[in-house]
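>>> how would this look folded up:
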Amino acid sequence: MKIKSIVFTALFMFAFSAGLVAQEFMWKTLSKITYKKEYDEMLGFKVDVPIFSNEIQKLEGKEITIKGYIIPVEGYKSHKDFVFSAYPYSMCFFCGGAGPETVMEVRAKTPVAFTADPISIKGTLHLNSTDINKLMYSLSNVEVVK
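The predicted structure follows:
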């Protein structure tokens, strides 16, 4: 009986840690992009358009779990729509410390309270390479993972 308990505990810990590792590597996977310059008629100049790797394209429309930081916006207390970052506010894309592949738009099922600590969320991933007014990644139907 004791051996079964030890094996079960070991398997549980492995599965749990594998999930955490998967979250940690999700941002790394999402960074596997290149860019091409394309002329934007509305802006009148060339813009960088993301080219998603095959690995990223396979995640389109799939549920993913990812760990990161809520980027506070003016008046943020608890919102359903917010920006999520691989890095804390002081190092995020909007502060010049990282690339656009390190942030995503989030649409949560229920409001998410702000915290400066990292949190894990899960939701459906969507890719954007056409609308320059939106981020290249977004998550819909988001829930906080406890």
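>>> gap between Val73 and Phe82?
From Val73 across to Phe82, the span is 7 Å (Cβ to Cβ, to the nearest Å). For glycine as for every other residue, the C-beta is placed from the backbone atoms N, C-alpha and C.
>>> which of the two has more neighbours?
Phe82 (20 against 12; other Cβ atoms under 10 Å).
>>> what's near enough to touch the more buried one?
By Cβ atoms under 8 Å, 6 or more residues apart in numbering, Phe82 lies in contact with 70-71, 73, 76, 105-106, 108, 112.
>>> and it, what helix or strand is that in?
For Phe82, the host element (DSSP states H and E) is strand 78-85.
>>> buried residues, that strand. List them.
In terms of neighbour count (16 or more other Cβ atoms under 10 Å), strand 78-85 has its buried residues at 79, 82-85.
>>> please apply the same query to stretch 33-53.
33, 50, 52.
>>> now swap in stretch 101-116 and tell me
101-108, 112.
>>> what is the nearest of those to Lys37?
For the buried residues of stretch 101-116, the closest approach to Lys37 (Cβ to Cβ) belongs to Glu101, at 16.9 Å.
>>> now the closest one, nearest residue through space, not along the chain?
Ser31 (4.9 Å; Cβ to Cβ, 6 or more residues apart in numbering).
>>> enumerate every residue touching the one you found.
Going by Cβ under 8 Å, 6+ apart, Ser31 touches 99, 101-102.
>>> just Thr130 next, same as before
Taking Cβ under 8 Å, 6+ apart, one finds Val49 in contact with Thr130.
>>> name the next helix or strand downstream of the lowest-mean-pLDDT helix or strand in the chain, please.
Using mean pLDDT, DSSP states H and E, helix 2-30 stands out as the lowest-scoring helix or strand of the chain, at a mean of 55. Toward the C-terminal end, the helix or strand that comes next after helix 2-30 (DSSP H and E) is strand 33-40.
>>> so where is the chain shaky, pLDDT-wise?
When residues are selected by pLDDT under 70, those of the chain lie in 1-24, 75-77, 91, 93-97.
>>> neighbours of Asn141, how many?
Counted with other Cβ under 10 Å, the burial measure for Asn141 works out to 11 neighbours.
>>> give the contact list for it.
Per Cβ under 8 Å, 6+ apart, neighbours of Asn141: 107, 109, 123-124.
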